[in-house]
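*Asks:* Sharing a model prediction with you, sequence too.
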Amino acid sequence: MLKRTEGIVIRSTDYGEGHKIVTLYTREAGKISLMARGAKKAKSRHTAVTQLFTYGEFVFFQGSGMGTLNQGDLIESHHALREDLHKAAYSSYLVEMVDRLVPDQEPNGMLFEQLKAGLSAIEEDKDADIVIHIMEMKMLALAGYLPQLDECVSCGSDEGQMALSVMQGGVLCPRCRLKDPGALVLAPGTLKLLRLFQRMDLRRIGSVEVKAETKAQLKAAMRSFMDVHMGVKWKSRSFLEQMEKYNF
């Protein structure tokens, strides 16, 4: 059966002499994998549309096993994301989250729109750290681990300087902080941004300036939640951490 869908290439793997297996996150079909025959060959009509981050319209044949790419038309190549090392690193983390955390063939139109908007935001030089933190928050929500940030998870208080407890699943007030001595005490600005991330639509993200110390707290908070609750060793995030380590 021939099917047509809009999709974003979230993984592209060489297969055999001249073929590729591409994983798409699509609007109508969710995450699917397709065989793109001859896509590695320079003159192939599939070469451009099977590159990582490409947004296009795909026609494929779906039988009982893996589908086969029949035709692909570019909507947005996102070539700038592949040509810039930093943009490529952040974008790779964005698509890896979707690839590794979203089940196959479970459509989610809103998540598709968020992924599409996130890649565009990085290409447009919006703050890539903020983009991926918003996406991380969406993935935590999808998995059922969205942190409780509006009030203390232990007593319900919303007073005093809050500390983020990964193990308790949200913020603790000063009186309850002893329940997790390792909780990260949050500056008010950091907590405000974390709460905003839970409601933010990446299609509406604008230019934002965040202080270095606030960004450091945001990163510590989000990475802790992702590591503990998702349990995934992120290949692309490891590369981001190497770039940070060596100030590249």
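*Replies:* Arrived safely. Numbers count the residues shown, from 1 in each chain.

*Asks:* how about stretch 232-248 as CSV, C-alpha atoms only?
*Replies:* Output of stretch 232-248 as CSV, limited to C-alpha atoms (Å, rounded to 0.1, in the frame of the first residue of the first chain):
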residue,chain,number,x,y,z
VAL,A,232,19.3,6.7,28.7
LYS,A,233,23.0,7.2,27.8
TRP,A,234,22.7,10.0,25.2
LYS,A,235,25.3,9.8,22.4
SER,A,236,24.6,13.3,21.2
ARG,A,237,24.6,14.8,24.7
SER,A,238,28.0,13.2,25.5
PHE,A,239,29.3,15.2,22.5
LEU,A,240,27.7,18.4,23.8
GLU,A,241,29.4,17.8,27.1
GLN,A,242,32.8,17.3,25.5
MET,A,243,32.3,20.6,23.7
GLU,A,244,31.5,22.3,26.9
LYS,A,245,34.4,20.7,28.7
TYR,A,246,36.9,22.0,26.2
ASN,A,247,35.1,25.3,25.5
PHE,A,248,34.9,24.4,21.9
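
*Asks:* quick one: pLDDT of the most far-flung residue of the chain relative to its centre?
*Replies:* Note on the chain: the largest C-alpha distance from the chain mean falls to residue 175, namely 34.9 Å (Cα atoms, centre = their mean). We have a pLDDT of 97 for residue 175.

*Asks:* and if you look at the one 5 residues further on?
*Replies:* Reading off the per-residue confidence, residue 180 sits at a pLDDT of 97.

*Asks:* do the same with residue 210
*Replies:* For residue 210, pLDDT reads 95.

*Asks:* Name the SS class of it, please.
*Replies:* Under DSSP: H, G, I helix; E, B strand; the rest coil, residue 210 falls in the coil class.

*Asks:* buried residues in the helix or strand of the chain with the lowest mean pLDDT?
*Replies:* Least confident helix or strand, the chain: helix 235-245 with a mean of 89, by mean pLDDT, DSSP states H and E. Within helix 235-245, the residues that count as buried by 16 or more other Cβ atoms under 10 Å are 236, 237, 239, 240. Placement of C-beta: from N, CA and C, glycine included.

*Asks:* Next, the distance between the ends of stretch 105-113.
*Replies:* 16 Å (Cα to Cα, to the nearest Å).

*Asks:* List the contacts of it.
*Replies:* 8, 25-32, 98, 102, 138, 142, 202-203 (Cβ atoms under 8 Å, 6 or more residues apart in numbering).

*Asks:* ok, which pair from those residues is furthest apart?
*Replies:* Spatial extent of the contacts of stretch 105-113 (Cβ to Cβ) is set by the pair 32 and 203 at 23.4 Å.

*Asks:* For the two, work out which one has more neighbours and name it.
*Replies:* residue 32 (21 against 12; other Cβ atoms under 10 Å).

*Asks:* Could you pull up the residues touching the residue nearest the centre of the chain?
*Replies:* Centroid-nearest residue in the chain: residue 94, 3.0 Å away (criterion: Cα atoms, centre = their mean). Each residue near residue 94 by Cβ under 8 Å, 6+ apart is listed here: 115, 118, 119, 122, 131, 132, 135.

*Asks:* I'd like to know how far it sits from residue 25.
*Replies:* 11 Å (Cβ to Cβ, to the nearest Å).
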